[in-house]
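[1] just a sequence and a predicted model for now, questions to come.
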Amino acid sequence: MNLVILVVVVVAVIAFIWFLYNSIIVAKLRVNEALSQIDVQLKRRTDLIPNLVEAVKGYAKHEKQLFEDVTKERANLVSAKSVEEKAKANNQLTETFKSIFAVAEAYPALRASENFMQLQEEVSDTENKIAYSRQFYNSNVLDYNTKLVIFPNVLIAGMLGFKPAEFFAATEEEKKAVKVSF
Amino acid sequence: MNIYSAISSNKNKTWLIMFLFVVFITTLVYVFSKAMGFSLGLAGIALVIAGITSIGSYYYSDKLVLATTGAKEIKKSDYPKYYRTVENMCIAAGLSMPKVYIVEDASPNAFATGRDPKHAVVCATTGLLAMMDDAELEGVIAHELSHIKNYDIRLMGVVVVLVGFIAIISDLFIRATFYSNSDDNKASSIFLILAIVFAILSPIAATLIQLAVSRKREYLADASGALLTRYPEGLASALEKLAHDKTPPRVASNATAHLYIENPFDNKKVKNFFTGLFNTHPPLEERIKILRQM
């Protein structure tokens, strides 16, 4: 009789851990999938940089510092491994892009060139897409991290080797924009 | 009702409607042929045909809907802003990219169709694209993508074809009885019986649509859409524009009315029996109010 109870308890515990593990792993896979979506957009962004530099160089040769910055930051973004590094490199790049477009304001011929206008549109489209993929990623991270800390998951999530995922941080400016009330 | 319960409830309701349709048509033909002394093999044929129609409605309802509305597929270069908005909202929702269509119609409206997120279509009228600014268009597209994500499109697609089929046939029979002056007594009595049967069926079919296409799902799509854009005001102001617009729709019928973001028959002066029954959408004012409170 005791043996039967023991077996029932063991089976129940195994079933519980099994169920828990699956539910957490699904959430974790969603996080990874969402992160790869961000990577796709970041890749698109880094691919745009050489074209943009070429286009601006033709009109504004002496803005050397700016071109060096953007090339360096591009390298940073490409080599970034962790979510935090990626977010940081990406946010820096956003700032530099702003400077490039500010510089372009001083060159009417550049602004008017079709190539540049198209690039500008591509850049802003990519920025939007990065913002949306980040939003999707962060909501998945929230979902996953919540699964790790709620009871009773919290008792065994650590033992199963699950660690909380990192949020993809927005720039300071973007954080402010969210607070605007309507 | 959250999104996960919405998905499973939609999937179950789809099967139920497909099943009921087959049972319904077969029973009807069986009773009819028994009363008229026809061979009962007729009911077997009806079973096969209803079964094929039912399965066909599952796979091809989107094609039928697109054909009846006269929608055309577009490329990114045709309407870059529209296409990009769909891309962006798909990224935010974590959906794969649906096919993007437009309808040449000055009346602003939009709908989504298909059977699951991998076989989905988003469609907007040219009037909508011309009227909405970026944030409003984003709101509308996010609303439509929520219908895709919730599997509303699968249920609506099957409802359009199957229940719409019954509604149209009953409409047809009722008219045929009113206008027929046949001297042939037997023929006219057959028509009369059919007319009575369908006259009873028609409100039932409409009620089914009401049940399936509950108003809750519009509110839910509004809410999940706002979650994607993080800007409920976008959709609210888009709905406001729709409420003030008086352009009559060119292509919409009773059967497809509930697909749209806004009831296309709202501003019709003469509301007939059917449009009253097919009152598929909650009032825009109410939806705007809820969005503004978010």
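    Thanks, I have the structure now. Residues are numbered from 1 along each chain as shown, chains lettered A, B, ... in the order given.
[2] all contacts plus neighbour counts: C-alpha atoms, from now on.
    Will do.
[3] for the nearest residue to residue B:110 once chain neighbours are set aside, what are its contacts?
    Computed as C-alpha to C-alpha, 6 or more residues apart in numbering or on different chains, the closest residue to residue B:110 that is not its neighbour in sequence is residue B:124, at 4.2 Å. By C-alpha atoms under 8 Å, 6 or more residues apart in numbering or on different chains, the residues touching residue B:124 are B:101, B:102, B:103, B:108, B:109, B:110, B:111.
[4] for those, which two are the farthest from each other?
    B:101 and B:108 (14.0 Å; C-alpha to C-alpha).
[5] neighbour count winner among the two?
    Using other C-alpha atoms under 10 Å in any protein chain shown as the criterion, residue B:101 and residue B:108 rank with residue B:108 on top: 25 against 22.
[6] helix, strand, or coil at the closest residue to that one other than its chain neighbours?
    Counting by C-alpha to C-alpha, 6+ apart, residue B:108 lies nearest to residue B:128, which is 3.9 Å off, once chain neighbours are set aside. Three-state assignment for residue B:128 (DSSP: H, G, I helix; E, B strand; the rest coil): helix.
[7] in chain A, which residue sits nearest chain B?
    Here the residue of chain A nearest chain B is residue A:132; by C-alpha to the nearest C-alpha that distance is 4.7 Å.
[8] surely that residue touches residue B:95?
    No. With contacts defined as C-alpha atoms under 8 Å, residue A:132 does not count as touching residue B:95, sitting 12.0 Å away.
[9] neighbour count: those two, which is higher?
    Using other C-alpha under 10 Å as the criterion, residue A:132 and residue B:95 rank with residue A:132 on top: 25 against 16.
[10] name the element that one belongs to?
    helix A:114-149 (DSSP states H and E).
[11] in that helix, what counts as buried?
    For helix A:114-149, burial by neighbour count (16 or more other C-alpha atoms under 10 Å in any protein chain shown) applies to A:116, A:119-120, A:123, A:125-148.
[12] burial count for the closest residue to the residue of chain A closest to chain B other than its chain neighbours?
    Leaving aside its chain neighbours, residue A:132 sits nearest to residue B:92 (4.7 Å; criterion: C-alpha to C-alpha, 6+ apart). By other C-alpha under 10 Å, the residues close to residue B:92 number 24.
[13] now the helix or strand harbouring residue A:9 against helix A:114-149, angle please.
    Using DSSP H and E, residue A:9 sits in helix A:2-57. Between helix A:2-57 and helix A:114-149, the angle comes out at 160 degrees (axes from the mean of the first three to the mean of the last three C-alpha atoms, to 10 degrees).
[14] centre of the chain to helix A:2-57, how far?
    14 Å (C-alpha atoms, centre = their mean, to the nearest Å).
[15] helices along the stretch 1-150 of chain B, start to end?
    Remark: helices assigned in the stretch 1-150 of chain B by DSSP state H, counting those that start in this stretch are B:3-36, B:41-69, B:80-93, B:126-131, B:134-149.
[16] return the residues of the stretch 151-294 of chain B in contact with chain A.
    Within the stretch 151-294 of chain B, the positions near chain A by C-alpha under 8 Å from any C-alpha of the partner chain are residue B:233.
[17] and for residue A:119, nearest residue in space, chain neighbours not counted?
    That would be residue A:52: by C-alpha to C-alpha, 6+ apart, it lies 6.6 Å from residue A:119.
[18] that older thread, which strands and helices sit next to the helix holding residue A:132?
    helix A:2-57, helix A:153-157, helix B:80-93 (3 or more C-alpha pairs under 8 Å, 6 or more residues apart in numbering or on different chains; DSSP states H and E).
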